[in-house]
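Student: predicted model follows, preceded by the sequence.
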Amino acid sequence: MIKNNPTTAEYAVQRLADLGIRHVFGLPGDYAFPIDDAIESNPNLTWIVCSNELNAAYSADGYARVFGASILSTTYGVGELGAIAGVMGAKAERLPIFHLVGMPSTRLMRTRKPLHHTFGDGEFNHFHQLSSATACVSTILTPENAITEMERVIAIALSQRQPAIIAIAGDYAQMPVIGNPIQGVPLHQVSPPKSNPQELECAVKTILQRLEQAQQPVILPCFTLLRYGLTEQFTHLLKVTGIPYATTRIDKAVISESHPLYMGMYRGATSESALREYVESADLILDIGGVLFDDVSTGHGSARLDREKIISIHPHHVEILSNICHINSQSHTYSPVWIGDVISNLIENIKPISSKKFPQPSPITLEKNASQAITWQTLRATMQNFLEAEDILICESGLSVAFLSSLLLPKNCSFHNQTLWAAIGWATPATFGAALANPQRRVILVTGDGAHQLTANEIGTMGRYGVKPIIIVLNNGIFGIEEFLAGNKSNIYNVLSPWNYAQIPHAMGCENWYCQKVTSLDELNNALEKARLHNNGAYIEVVLTEKIPPALSEKIYAQRYQLLPIDTYLSSG
């Protein structure tokens, strides 16, 4: 409930708490003290003080992936810019983080005097302009505009599922808002965007006509279905249509991979051959959510999908190619059309489709008589056996996700990776945020040692706030993904400082954590079993026998980074 006569800071904080968010990630700072105090005094929120602003942004990212939205709080200048790379990642990955920024008071800013956390030039808009680039909407609140601006900012951020910047000057933050405060609703009750009825009808009619003509349709769902809370609706669509689906890597586990219509992961030339053939020979591909087809998810850009066969149902519009001829092909866009309305109308009007026999994935298995060496292949098979229903698996960008994304996940096991932004170091703090967002589910982190060194200080924060993740650190002593991409040249710049990883939780104050260093498969299996049963955090350092997997071929490397003339790729097929 909003208190009577709230200050601007109190109102902004409570209006976000109305969404059901229960934790605020960040660090305090003198310009932000009024916001910090408003958070601390709010009975619905818990202040989560992180190790630094970047980690706080990554933690808010992980929280938003599980809950649907999150709050980040930093001070002006050094604080907000410290978080900027993490908030940028949330923008790329479509996550609504509400970033509260405490600015100097208007009285101080009017003096134009050199102040700490500034360039000393008397200008105070530099940083807001920079921070605004991380968001889909930004505002500077005053007592006069706070009520209307908070409604605008929340509506746009949730419509786009991207971050929002909310800055408040120190004196304004402590002044009462002017007007009648609005009592908000929980996130799941927020009204969805509205469709234009005529555009919606035309879009659905066209999709239905194309489906009636299709002999081998395929669905490619996008991770935006998760962001907008549409996974149950999508599952119902699958049940009604019977159309099989595959996912790209960025969309992995958008719904449970135990679904009978799931074919596996499509990643261009690196897909399983039967899956690749089925998807690329489809005469209609329903892209539900706006699949990105990014370079990483498509096997280094090796996807071979005919654009004329793709109908893209984006969150706010539908795009359909109208002609068959390559030369004259033009797309028609239906807008504004809300994806939830499109799915609902398809469910109501579509006829079941008899699909051809389609490929289905199999779990990774450990080879008989496998050695005790921990290689990338044996690690993958071990993780396949370890995962359980309802787990939340978080894989760091790099070799961790390159190998573990091919796992067939058990029922309702979630999967998260920062595929598009791909900032190494993201996963450790994101694990913390995810664990706070849903303490009932076990969060499992798999990260390389190189990425872990960037943000490992958030382990201490995990211990402080009592989360219980299982953290698996893969120790090969190098930035493995860089070495892999560069052709395993043993570059000095990829070598890491050696750490005693298994001692980190204890050194950072994590009491009663299970910590173990393992060097063989038997030791790994034993440690995983103990970690699963341990009613607290667990931290396993896995020393890899095989430092690096086989390198990318020179051809794929050159194609990935466009290092050769374009005719080289065309002639090579």
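Tutor: Sure, I can see it. Note that the structure is predicted; figures quoted are calculated from it, not measured.

Student: buried set for stretch 359-375?
Tutor: With burial defined by 16 or more other C-beta atoms under 10 Å, the residues of stretch 359-375 counted as buried are Pro359, Pro361, Ile364, Ile374, Thr375. Using the backbone N, CA and C atoms, a C-beta is placed for each residue, glycine as well.

Student: what's the answer for stretch 513-523, then?
Tutor: Trp513, Tyr514, Cys515, Gln516, Lys517, Val518, Thr519, Leu521, Glu523.

Student: just stretch 412-423 next, same as before
Tutor: Quick answer for stretch 412-423 (16+ other C-beta under 10 Å): Asn412, Cys413, Ser414, Phe415, His416, Asn417, Gln418, Thr419, Leu420, Trp421, Ala422, Ala423.

Student: now the end-to-end length of that stretch.
Tutor: 26 Å (C-alpha to C-alpha, to the nearest Å).

Student: off-centre distance for it?
Tutor: Its chain's C-alpha centre and that of stretch 412-423 lie 5 Å apart, by C-alpha atoms, centre = their mean, to the nearest Å.

Student: for Val495, what are its contacts?
Tutor: Val495 makes contact with Gly477, Ile478, according to C-beta atoms under 8 Å, 6 or more residues apart in numbering.

Student: give me the pLDDT for it.
Tutor: With respect to pLDDT, Val495 scores 90.

Student: show me what it is bridged to.
Tutor: Ile478 (DSSP bridges).

Student: quick check: it vs Leu454, distance?
Tutor: Look at Val495 and Leu454: by C-beta to C-beta, to the nearest Å, they are 15 Å apart.

Student: can you check Asp283 too?
Tutor: 46 Å.

Student: Gln189 - how many residues pack around it?
Tutor: Gln189: 10 surrounding residues under other C-beta atoms under 10 Å.

Student: same question but for Pro352, I mixed them up
Tutor: 10.

Student: do Glu308 as well
Tutor: 14.

Student: ditto for the one 5 residues further on
Tutor: As a burial measure, the neighbour count of Ile313 was computed by other C-beta under 10 Å and equals 26.

Student: so what does the residue of the chain most remote from its centre have for phi and psi?
Tutor: In the chain, counting by C-alpha atoms, centre = their mean, Thr111 sits farthest out from the average C-alpha position, at 42.1 Å. Dihedral pair for Thr111: phi -70, psi -20, per degrees, to the nearest 10.

Student: mind checking how far it is from Glu123?
Tutor: 13 Å.

Student: how about the residue lying closest to Arg112 once chain neighbours are set aside, secondary structure?
Tutor: Once flanking residues are discounted, Arg112 sits nearest to Gly122: 3.3 Å by C-beta to C-beta, 6 or more residues apart in numbering. Using DSSP: H, G, I helix; E, B strand; the rest coil, the structure places Gly122 in coil.

Student: show me what the host helix or strand of Gly450 is packed up against.
Tutor: Here Gly450 sits within helix 449-455, counting by DSSP states H and E. In terms of contacts (3 or more C-beta pairs under 8 Å, 6 or more residues apart in numbering; DSSP states H and E), helix 449-455 is packed against helix 53-67, helix 427-437, strand 470-475, helix 480-485.

Student: which of those sits closest to Asn385?
Tutor: strand 470-475 (13.7 Å; C-beta to C-beta).

Student: which stretches of this structure have low pLDDT?
Tutor: 1, 322-330, 550-573 (pLDDT under 70).

Student: quickly list the domain ranges of it.
Tutor: Domains of the chain are assigned by automatic domain parsing as 8-189, 197-349, 376-543.

Student: kindly reformat these as TSV containing distance to Asn369.
Tutor: Formatted as TSV, the domains of the chain follow (distance: least, C-beta to C-beta, whole Å):
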stretch	distance to Asn369
domain 8-189	39
domain 197-349	25
domain 376-543	12
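
Student: now do the helices in the stretch 301-450 of the chain.
Tutor: Using DSSP state H, counting those that start in this stretch, the helices of the stretch 301-450 of the chain run over 339-349, 376-386, 399-404, 427-437, 449-455.

Student: contact partners for the closest residue to Ile84 other than its chain neighbours?
Tutor: Nearest residue to Ile84, sequence neighbours excluded (C-beta to C-beta, 6+ apart): Thr134, at 5.7 Å. For Thr134, the contact set (C-beta under 8 Å, 6+ apart) comprises Ile84, Val87, Met88, Ala90, Lys91, His99, Pro163, Ile165.

Student: try it again at 7 Å.
Tutor: Neighbouring residues of Thr134 by C-beta atoms under 7 Å, 6 or more residues apart in numbering: Ile84, Val87, Met88, Lys91, Pro163, Ile165.

Student: who wins for most neighbours among those residues?
Tutor: Neighbour-wise, the contacts of Thr134 (other C-beta under 10 Å) top out at Pro163, 32 neighbours.

Student: just to check, it is in contact with Arg94?
Tutor: No. Between Pro163 and Arg94 there is no contact under C-beta atoms under 7 Å: 9.8 Å.

Student: circling back to that earlier point, tell me how far the residue nearest to Ile84 lies from Leu533.
Tutor: 41 Å.

Student: go on, Arg22?
Tutor: 28 Å.

Student: settle it for me: which of the two has more neighbours?
Tutor: Set Arg22 next to Leu533 and count neighbours by other C-beta under 10 Å: Arg22 wins out with 16 against 9.

Student: any idea how far Ile178 is from the more buried one?
Tutor: 29 Å.

Student: and what of Ile313?
Tutor: Counting by C-beta to C-beta - Ile313 and Ile178 are separated by 42 Å.

Student: what of Ile71?
Tutor: 24 Å.

Student: check Tyr278 too.
Tutor: For Tyr278 relative to Ile178 (C-beta to C-beta), the value is 61 Å.

Student: those two: who's more crowded?
Tutor: Tyr278 (23 against 12).

Student: hang on, isn't the more buried one packed against Pro359?
Tutor: Yes. Using C-beta under 7 Å, Tyr278 is in contact with Pro359, at 5.8 Å.

Student: give me the common contacts of the two.
Tutor: Joint contacts of Tyr278 and Pro359 (C-beta under 7 Å, 6+ apart) are Met263.

Student: circling back to that earlier point, Asp283 and Leu454: which is more packed in?
Tutor: Leu454 (19 against 13).

Student: right, and the more buried one touches Ala423 too?
Tutor: No. Using C-beta under 7 Å, Leu454 is not in contact with Ala423, being 8.7 Å away.

Student: between those two, what contacts are shared?
Tutor: With C-beta under 7 Å, 6+ apart, Leu454 and Ala423 have no common neighbours.

Student: helices or strands up against the lengthiest helix in the chain?
Tutor: Ranked by residue count and defined by DSSP state H, the top helix of the chain is helix 197-213. Helix 197-213 is packed against strand 331-334, helix 339-349, with contacts defined by 3 or more C-beta pairs under 7 Å, 6 or more residues apart in numbering; DSSP states H and E.

Student: 10 Å instead?
Tutor: strand 284-288, strand 310-313, strand 318-321, strand 331-334, helix 339-349 (3 or more C-beta pairs under 10 Å, 6 or more residues apart in numbering; DSSP states H and E).

Student: leaving out chain neighbours, which residue sits closest to His416?
Tutor: Ile394 is the one closest to His416 (C-beta to C-beta, 6+ apart), at 4.8 Å.

Student: now do the contacts for that neighbour.
Tutor: The contact partners of Ile394, by C-beta atoms under 10 Å, 6 or more residues apart in numbering, come to 62, 65-66, 400-401, 414-418, 426-428, 430-435, 443-447, 469, 471.
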